[in-house]
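Asker: Need a 3D model of the sequence below.
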Amino acid sequence: AIRVRCLCYILYCTVVGALKCATENGEKVIPDTWINDGFCDCPYDSLDETKTEACSGAAIGGWPGIEEKMDRSPTFQCPQQKTKNLPLSMINDGVCDCCDGADEPESGACEDICDEILAAERAAHAKAVEQYNIGKQRRNREIEDFRNLVKQTLVEIDTAEKGLDMKNQEMSKIESEIKKEKITYAESRRAETLKVINTIANPTARSNISGLLAPLSIRELLLLIQLTCQIAGEMEGSIEKKTCGPLRLAGVELGILWSNENFIDGTADLMDDNDLLVDLVDENSNGERFWSREQLNIRSRRRLDDYHDHDTFEDDYHYHDHDYGEEEIHHNNRDNVGNDFYDTIIPVENKENLKLIVEGSIFSRSRNNFLNHGDKLIKKIEDIIEENKSKEKNKQTDKEANNHDEEGKNTPSNHELTSLVRDLKKRKSSIKRGFQYALSAHILLSSSLSKIDDKTQADLTNLAASTIMYSRITTEHIWHMLSTILPEIVPIDKPDDEMCGSPLATICPTKQIEREGSLFPPLAVFEAGKKACERAVNEVNAPGCNAQYEIPSIISDGYYGYNQPREREEGDPLYEVFRSLEDMFSEKIKELEEQKKALQTEISSIENNVKDLEDKVGGRGQDDGSAEFFILKGTCHSVTAGKYDYEVCVDGKATQKDTGATSGTNLGKWKGMSVEKETGKRVMKWEKGQKCWNGPERSATVYVTCGAETKLVRAEEPETCTYVLEMESYIACDW
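Answerer: Prediction:
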């Protein structure tokens, strides 16, 4: 009977592959490898441990956590197995349950095998106790080592943080010194700026450019600033800008603060607002030189745009890419409007009208000419490019191809044509950016002139001089602008075909007029104009003028009468005037900034060290649970079950792969480790693994039991794409 019962049980497990046992809320499935493995998985009915004593005591409510739920019916205790209690229904049922057969007294057919069974149980128990003791000792030792490591690490962190506090105090001291030096430097620079401005504006100053601004009216100063911004915009290259940086930078340096009512001389406010002075230095610092030539060209204006991004006056009007080929801009009905604008202030809100005025000025005439003709040339080139592409697709006969090659020997390739279009569009963008800069200045200045008083003339003179400095325009640019601004110099009206050859044709030969008892413009500007007019004689036949819309080999300077503005260089009178400002920088600030940089490196190193120390022990205020994780962190463990190898890495990922394979399926990323309240088991989880086909994302759960070493002992897949593994580890030997 015993043999038959066991065979039936084995047959059941073999066929079904799993066992269902009772739980608190129903039933659960037990994999066949968990049956008779010495661990009671079914404490409510003991079905999984019929051949071991693992579930002894469960039948009478002796299993932890389920006493109150067990049936308290009378039981029979096996005489030699004190922990084995049988329901009375199992007495004289023909099955030998007690090792000595005491449960089958009527038949007397049970052989006494207690010596053998008890010896095996004692050996298993002794081994389990031995493994527990080894594991517990190791756990205690490593927990203590971890606690000591935490203490030592916390001391190191405390020492590092004290050093960090000292370094931060040093940093505060250096930053305070830097701020003080920057304020001193900015004040001295502002004084030097006013001295340079006086050289330009005062006709009594000893310079061949003295008196450049003194004779100009408010209207003329405003126009000069606007046109200076227009040239500055064209010199910005491919950098996209919203507003006239040189004008804004000039205002900040001079202490002229923009407002909705008027220019305000903000000297007192500027001196009180030290942060503004510091910002001013920072806006123009490249770490080595302040207000250097390179910075004026590259960084200062770009950063200033960001600094003034609030755009109080909404002066960042964006030009749309109009098709100048179809909607040409004619100057004849706009010239007078452009030069008389500041005599009658137009509301800032009417930006479209302002745009037309900026584009329609005498100064912009050559720009419009280039835009009008350039668009037509671009259209022609792009048509040729498309035609060439079409011919390339439609292969001709060899004879036709040969004829085509003979005819097209001197025809530019599509690559060359594309380069021409790119150059034309680049110049178009420069011109339009100049319009945008001029409009920006127009709006800023007109917004600030709702009230004009005695200080306006002086403010505008200083602002114009400083804007000229930051824009890096040349003395020739000054002559060209004055020739279109001064009412005494009446430009000669010439048709567009002559204007194409040279935009200076209407203002040459150069002239001087009398203003306030002196010849104007100053000698240096007059001489620059003479040289420009001499050059203009040789530019009558400018590229593109006599052969309209022929395909050129390159877009040379002066094409369609437009010369790309270039910055002033050494030898230019303005270069010499502003040299003292361009070469002005603070060695003390440079030295302090270098100290700050070195100190910041030290601070960053200490901060990184503190972070590494915290990571080393998993943070501060750790408990034994943290220690257990720390002990296993970074370790990987594997087991083979069936045809698969399973590997789990603590704080890493879990993987399933075919035995012997080098790669496999991702079962999930480390989620964390916790302790089950009901069982006291450590539970590790990996989640968000590779998604099953038509199923959930894979996940893995590892239950940790006591063992002398850390190792996986089994793995199952009780539900689709849900993997359950068992691990033995000394970290669980704490009961």
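Asker: Report the separation between the closest residue to Gln80 other than its chain neighbours and Asn92.
Answerer: Spatially, and ignoring its direct neighbours in sequence, Gln80 is nearest to Cys114 (4.8 Å; Cβ to Cβ, 6 or more residues apart in numbering). Just so you know, the C-beta spots here come from the backbone N, C-alpha and C atoms, and that holds for glycine as well. Computed as Cβ to Cβ, to the nearest Å, the Cys114 to Asn92 distance reads 19 Å.
Asker: So the two - more neighbours on which side?
Answerer: Taking neighbours as other Cβ atoms under 10 Å, Cys114 and Asn92 compare with Cys114 leading, 18 against 12.
Asker: and Lys681, how many neighbours does it have?
Answerer: 15.
Asker: residue contacts, it?
Answerer: With contact set as Cβ atoms under 8 Å, 6 or more residues apart in numbering, Lys681 has these partners: 675, 703-705, 732.
Asker: Show me how to select, in PyMOL, the buried members of the residues you listed.
Answerer: This is the PyMOL syntax for the buried subset of those, where burial follows 16 or more other Cβ atoms under 10 Å:
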select buried, resi 704+705+732
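Asker: Which of the contacts of Lys681 fall in strands?
Answerer: With strands taken from DSSP state E, the overlap with the contacts of Lys681 comprises 675, 703-705.
Asker: now the helices: where do they sit in the stretch 301-450 of the chain?
Answerer: Secondary structure of the stretch 301-450 of the chain by DSSP state H, counting those that start in this stretch: the helices cover 335-339, 351-359, 365-393, 398-407, 414-447.
Asker: angle of the second one against helix 365-393?
Answerer: Following axes from the mean of the first three to the mean of the last three Cα atoms, to 10 degrees, one obtains 100 degrees for the angle between helix 351-359 and helix 365-393.
Asker: what packs against helix 351-359?
Answerer: helix 335-339, helix 414-447 (3 or more Cβ pairs under 8 Å, 6 or more residues apart in numbering; DSSP states H and E).
Asker: and that helix, how far out from the chain's middle?
Answerer: The chain centroid and the centroid of helix 351-359 are separated by 38 Å, computed with Cα atoms, centre = their mean, to the nearest Å.
Asker: Can I get that helix in PDB, CA atoms only?
Answerer: Only the C-alpha atoms of helix 351-359 are listed here, as PDB (Å, rounded to 0.1, in the frame of the first residue of the first chain):
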ATOM      1  CA  LYS A 351       6.400  98.900 -37.300                       C
ATOM      2  CA  GLU A 352       5.500  98.200 -40.900                       C
ATOM      3  CA  ASN A 353       5.800 102.000 -41.700                       C
ATOM      4  CA  LEU A 354       9.100 102.100 -39.800                       C
ATOM      5  CA  LYS A 355      10.300  99.200 -41.900                       C
ATOM      6  CA  LEU A 356       9.600 101.000 -45.100                       C
ATOM      7  CA  ILE A 357      11.300 104.100 -43.900                       C
ATOM      8  CA  VAL A 358      14.500 102.200 -42.900                       C
ATOM      9  CA  GLU A 359      14.600 100.300 -46.200                       C
END
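Asker: Please identify the deepest-packed of the helices of the stretch 301-450 of the chain.
Answerer: helix 414-447 (a mean of 20; mean count of other Cβ atoms under 10 Å).
Asker: Report the inter-axis angle for that one versus helix 351-359.
Answerer: Going by the same axes, to 10 degrees, helix 414-447 makes 110 degrees with helix 351-359.
Asker: Remind me what helix 414-447 packs against, helices and strands.
Answerer: helix 218-234, helix 245-254, helix 351-359, helix 365-393.
Asker: Just list what the second one packs against, helices and strands only.
Answerer: Just to be clear, that refers to helix 245-254. Against helix 245-254 (3+ Cβ pairs under 8 Å, 6+ apart) you get helix 114-201, helix 218-234, helix 274-283, helix 300-307, helix 414-447, helix 456-471.
Asker: So which of the helices and strands packed on helix 414-447 is nearest Phe526?
Answerer: Nearest to Phe526 among these is helix 218-234 (16.4 Å), distances taken as Cβ to Cβ.
Asker: and the closest one, what's its mean pLDDT?
Answerer: The average pLDDT within helix 218-234 is 93.
Asker: Export it to CSV, keeping only CA atoms.
Answerer: Extracted in CSV, the C-alpha atoms of helix 218-234 (Å, rounded to 0.1, in the frame of the first residue of the first chain):
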residue,chain,number,x,y,z
ILE,A,218,19.7,115.8,-32.4
ARG,A,219,18.0,114.6,-35.6
GLU,A,220,21.4,114.0,-37.3
LEU,A,221,22.8,112.1,-34.2
LEU,A,222,19.8,109.9,-34.2
LEU,A,223,20.2,109.1,-37.9
LEU,A,224,23.9,108.5,-37.4
ILE,A,225,23.2,106.0,-34.6
GLN,A,226,20.6,104.2,-36.7
LEU,A,227,22.9,103.9,-39.8
THR,A,228,25.8,102.8,-37.6
CYS,A,229,23.6,100.0,-36.3
GLN,A,230,22.6,99.1,-39.9
ILE,A,231,26.3,98.7,-40.9
ALA,A,232,27.0,96.7,-37.7
GLY,A,233,24.2,94.3,-38.5
GLU,A,234,25.7,93.7,-41.9
